[in-house]
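J.: here you go, sequence then predicted model.
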2 protein chains.
Amino acid sequence: MEKITSPSIFIGQEGNGIISFGSGQPDMPPPEEVYKILPEYRAFKYGLIQGQENLREALSEQYHNATADSFIITNGASEALDLSLRALYEPGGKILLPKPYYYSYPFNVKFAHMIPEYYDLVEGKIDYENLEEKIISEKQNTKGYRAIVINSPGNPTGSVQDLDVLQKIEKLTHDNGVYVISDEVYKDLIYGRENYLIKGDHVLTLNSFSKTYAMCGFRIGYVYARQKLLIDKIIGIKTHTSMNTNILGQEMAHEATTVPKEFIENQRKIWEERRDMIYDGLKKLDLDLWKPEGAFYVFPKMKNPNKVVNDLYYKYNTIVYDGAWFGDPKRVRFSYALDISKIEEGLKRLAKYLNNEYKHN
Amino acid sequence: MEKITSPSIFIGQEGNGIISFGSGQPDMPPPEEVYKILPEYRAFKYGLIQGQENLREALSEQYHNATADSFIITNGASEALDLSLRALYEPGGKILLPKPYYYSYPFNVKFAHMIPEYYDLVEGKIDYENLEEKIISEKQNTKGYRAIVINSPGNPTGSVQDLDVLQKIEKLTHDNGVYVISDEVYKDLIYGRENYLIKGDHVLTLNSFSKTYAMCGFRIGYVYARQKLLIDKIIGIKTHTSMNTNILGQEMAHEATTVPKEFIENQRKIWEERRDMIYDGLKKLDLDLWKPEGAFYVFPKMKNPNKVVNDLYYKYNTIVYDGAWFGDPKRVRFSYALDISKIEEGLKRLAKYLNNEYKHN
C-alpha cells in the first residue's frame, strides 16, 4: 500500500463504497440553465483574450461601480491567481500567504518566481496586530511585501474574517503599497453575513463559477482588477500563455449569471444544514474544532493527521485530507460537499475508527 | 487614427467589408460531430489534471508506440508551450527560437524566466550547418542551450523543414543534451509530404485541435512527452496554475478524433487551392516570396511593412500583419484562412494599393 502524501492519489476516487470528505467541489449540479444553450451552440472561433463581453458585462453588474473592462475571464480561479502573480512579478518579490493556506498558494508563488512568506491564522482567524507588525516591519527593513493573499471565506479553515479586520487590512495595505490578492471564491457560501468585498486600486479580486454554480470542470474564473496597468499586464500574459478561455464555458457561465438569486439561497441552506450536521457530529466525537462560517470545510485538530488519513482510507474506505497539505500538520480537513446520508455514514466510520484504534494510539 | 503596432488591434475586427488576411484561424467550421454530444451533456465535476482518459487514449493511437500516459491536455498549444517551458526552467536557461518566429515565442520564454536566443531561417528554411555550429559552440562555452523550438510547418513562414534536416536536428540535440520543443500544430496542413514527427526522449511535441479541426475557441491542445519526469513536472505545474482543461472542450475534441480521415483530406485540398491562388496572385503582383508548403500563410518581402499594414487597413479596409511582429521587419504576413472569393477581392485591393501609392513610395 502506497503511503498517502498528497491529495493527488484521491483524484477520481469515487464509488466502491468510498465516502469522500476529500475533494473541494460541490456535489450538487449546476443550475439547469447553463446547459440550455448547448443544443444550438455552433461557435468555434477565438474569443477575446480578456473574455466575452456579455459575461464581463454581467459580472460588472455584481460589483458596485465596476465596468466590464475591469474583468478578465480565466481558466478558473487557479489561472486567475497564476496570472495575477505573474503580473505582479518583481525580482525577489515576497508574497504574504495565510497559514494554513489553500494548498496551491505556495506553489503558485514559486511558479511565479517569487518568495512565499506566511502570516499565521489563529483558530482560522487573522491576528490583525500581528499582521500589521509584519507588514510594517518588512516595509522598514526591505522594500516591503509585494502582495498579500486574503482568503475569506477560507479553505481549509471555513473561517470568515471579521468585517473590521478586512477593512483595517484594506487601509493598511493601501498605506504601505502592498497589493491585495483577495481570493473570494467562496463568497456565496457564507452563513453569517454578506461577503465583504475588499476594495481599492491595489486589490485584485479572484473569483470563479466553480463553487457558487458547481461548474468546477468548466474552469471559468475571473480577476476583477481596478488598475488599468495591471489589467493590461494580465491580458498581455494571457495572450501568450493560454489565449481566450474556452468560449463555450464562458457562454455557460453567462447563463449562470441569469439564474434567479434563489438558486444561491437554496444552495446555501443545504450547505448550512450539512455544516451543522458535520460540526455537531465531530463535536460529539470530542474533536477539537471551530464552527466554520463559510465555504464547506471543517478542520478539526487530530493526533498524527497523516496516520488518520492513511488509516481512514485503507481501513475505513473514507477520504479525508491531511492538514499538513494546507500548512497545518495538527489538523485534518473534512470537506462536507456530499450528501447528508453520506456525511452520516462517514461520521459512523470515523466514530468506529476513533473507538477501535485512534484513541489507543 | 491610432498607428498599428501589434496585431491586438485587429482582434474581433470582422464584417464592415473588411478583408482580413490577419488572424491565424480557420474560417471553416469544425466537423459537425463535435457538436453532436452537446444536447445530452450534463457533467460538471473536475476532470483529471492530465486530461480525460478517452481523449488521451485516442491521441495515443495517432502516434507510433505512444501510450495515453504520455499526453497532457492543455488550454491550447499556448498553454502547452507555457507549461513545457516552465517545466524546463533552469536559472539562466537559454531557449533557441527560430527567426522569424510565431509571435508568442519570445514572450513565452520571458514569462518562463528564461532567455530567448535565435537561429535564422533562410527564406523560411533552417540552415543546418549554422544551427549545428550554434548549438555546439554554446555547449563548449556554457552549459549549452536548454531547449530549441522547432516549428514545422511554420508560422509565419508556411515552410516545411526538410526531412533530413529534422532528422539531423533530432540527433544533434540528443547528442548535446538539448531538449526539443516541437510545435507541430500545422501538422495536418501540409501539401507536399506527410508530417515528420521529431522523436526521442528529449522531445516535447506540442499540438492542438485548433488548426486541424478549427476548434480555436475551445482551446484544446496537448503536450506529448516521452520522459516521465517531465510529464509529472508539467502535470505538477498545471495542478496549481489552471487544473484540468475544460471538460466539455475535451469531450468535443474526443469526438473530433473519431471523424473519418477524409475530413482532414478535404480540408487540405481547400487550403491547397487557396495557397495556389494567393501565391500566384502575389507573384503576379511582382512580390518576392517563396511558395509555402504548409500552414496557411504567405510571407512576401515588402518595403516598409508597417506602412503597408497601416495603409491597407486604414485606406483599403484590408488586414495584413507586419513581419516585424514575427521577427522579420522586411516582410508582411498574409493568412489565407478565408474564402477564395475574399482572397480574390483582397488581392484586388492590394493591386490597387500597389499601383496607386506603394510603387511610388
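T.: Yep, that arrived. Numbering: from 1, shown residues only, chains lettered A, B, ... in the order given.
J.: interface residues of the stretch 151-300 of chain A facing chain B?
T.: With C-beta under 8 Å from any C-beta of the partner chain as the criterion, the stretch 151-300 of chain A comes near chain B at residues A:214-219, A:237, A:239-249. Placement of C-beta: from N, CA and C, glycine included.
J.: are any of those buried, and which?
T.: When neighbours are counted using 16 or more other C-beta atoms under 10 Å in any protein chain shown, these contain these buried positions: A:214-219, A:237, A:239-249.
J.: which ones among those are found in helices?
T.: Among these, the members found in helices (DSSP state H) are A:237, A:239, A:240, A:241, A:247, A:248, A:249.
J.: what sits up against whichever strand or helix holds residue A:270?
T.: For residue A:270, the element it lies in under DSSP states H and E is helix A:262-284. The contact list for helix A:262-284 (C-beta atoms under 8 Å, 6 or more residues apart in numbering or on different chains) reads A:26, A:28, A:31, A:158, A:188-191, A:212, A:289, A:291-292, A:296, A:298, A:300, A:334, A:336, A:338, A:340, A:343-344, A:347, A:350.
J.: so how do I select the buried members of these in PyMOL?
T.: Burial among those is assessed by 16+ other C-beta under 10 Å; the matching PyMOL selection reads:
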select buried, chain A and resi 26+31+158+188+189+190+191+212+289+292+296+298+300+334+336+338+343+347+350
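J.: among the contacts of helix A:262-284, name the ones in helices.
T.: Using DSSP H, those in helices are A:340, A:343, A:344, A:347, A:350.
J.: how close does the last one sit to residue A:343?
T.: The reference is to residue A:350. As judged by C-beta to C-beta, to the nearest Å, residue A:350 and residue A:343 stand 10 Å apart.
J.: list the contacts of the closest residue to residue A:311 other than its chain neighbours.
T.: Nearest residue to residue A:311 in three dimensions, chain neighbours excluded: residue A:353, at 6.3 Å (C-beta to C-beta, 6 or more residues apart in numbering or on different chains). Residues counted as contacts of residue A:353 (C-beta under 8 Å, 6+ apart) are A:308, A:311, A:312, A:315, A:316, A:318.
J.: run a quick neighbour tally on residue A:25.
T.: Using other C-beta atoms under 10 Å in any protein chain shown, residue A:25 is surrounded by 17 other residues.
J.: how about the one 4 residues further on?
T.: Using other C-beta under 10 Å as the criterion, residue A:29 is surrounded by 15 other residues.
J.: phi first, then psi, for it.
T.: phi -70, psi 160 (degrees, to the nearest 10).
J.: quick one: it from residue A:256, how far?
T.: Between residue A:29 and residue A:256 the computed distance is 12 Å (C-beta to C-beta).
J.: now residue A:329
T.: From residue A:329 to residue A:256 the distance is 38 Å (C-beta to C-beta).
J.: cool, and residue A:113?
T.: According to C-beta to C-beta, residue A:113 and residue A:256 sit 34 Å apart.
J.: shared neighbours, residue A:29 and residue A:256?
T.: With C-beta under 8 Å, 6+ apart, residue A:29 and residue A:256 have no common neighbours.
J.: for my notes, confirm residue A:196 occurs in a helix.
T.: No: under DSSP: H, G, I helix; E, B strand; the rest coil, residue A:196 falls outside any helix and is assigned coil.
J.: so which bits of the lengthiest strand in chain A are buried?
T.: The single longest strand within chain A, with elements called by DSSP state E, is strand A:115-122. Neighbour counts over strand A:115-122 (16+ other C-beta under 10 Å) mark A:116, A:117, A:118, A:119, A:121 as buried.
J.: strand partners (parallel or antiparallel) of it?
T.: Its sheet considered, strand A:115-122 pairs with strand A:94-99 (parallel), strand A:125-126 (antiparallel) by DSSP bridges.
J.: among those strands, which is nearest residue A:69?
T.: With C-beta to C-beta as the measure, strand A:94-99 is the member of the strands paired with strand A:115-122 nearest residue A:69 (26.0 Å).
J.: just to revisit the earlier point, for the helix holding residue A:270, C-alpha coordinates in CSV please.
T.: Taking C-alpha atoms only, helix A:262-284 is exported to CSV below (Å, rounded to 0.1, in the frame of the first residue of the first chain):
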residue,chain,number,x,y,z
GLU,A,262,-33.0,31.9,-5.1
PHE,A,263,-30.7,29.2,-6.6
ILE,A,264,-27.8,30.6,-4.5
GLU,A,265,-30.0,31.0,-1.5
ASN,A,266,-31.3,27.4,-1.7
GLN,A,267,-27.8,26.0,-2.1
ARG,A,268,-26.7,27.9,0.9
LYS,A,269,-29.4,26.4,3.0
ILE,A,270,-28.2,22.9,2.0
TRP,A,271,-24.6,23.8,2.8
GLU,A,272,-25.6,25.2,6.2
GLU,A,273,-27.6,22.1,7.1
ARG,A,274,-24.6,20.0,6.2
ARG,A,275,-22.2,22.3,8.1
ASP,A,276,-24.4,21.9,11.3
MET,A,277,-24.5,18.2,10.9
ILE,A,278,-20.8,17.6,10.5
TYR,A,279,-19.9,20.2,13.1
ASP,A,280,-22.2,18.7,15.7
GLY,A,281,-21.1,15.2,14.7
LEU,A,282,-17.4,15.9,15.2
LYS,A,283,-18.1,17.7,18.4
LYS,A,284,-19.9,14.7,19.7
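J.: how far off centre is that helix?
T.: 18 Å (C-alpha atoms, centre = their mean, to the nearest Å).
J.: could you chop chain A up by domain?
T.: Domain ranges of chain A: A:7-29+A:262-360, A:33-257, per automatic domain parsing.
J.: which of the ones you listed is buried the deepest?
T.: Stretch with highest mean neighbour count among those: domain A:33-257 (a mean of 20; mean count of other C-beta atoms under 10 Å in any protein chain shown).
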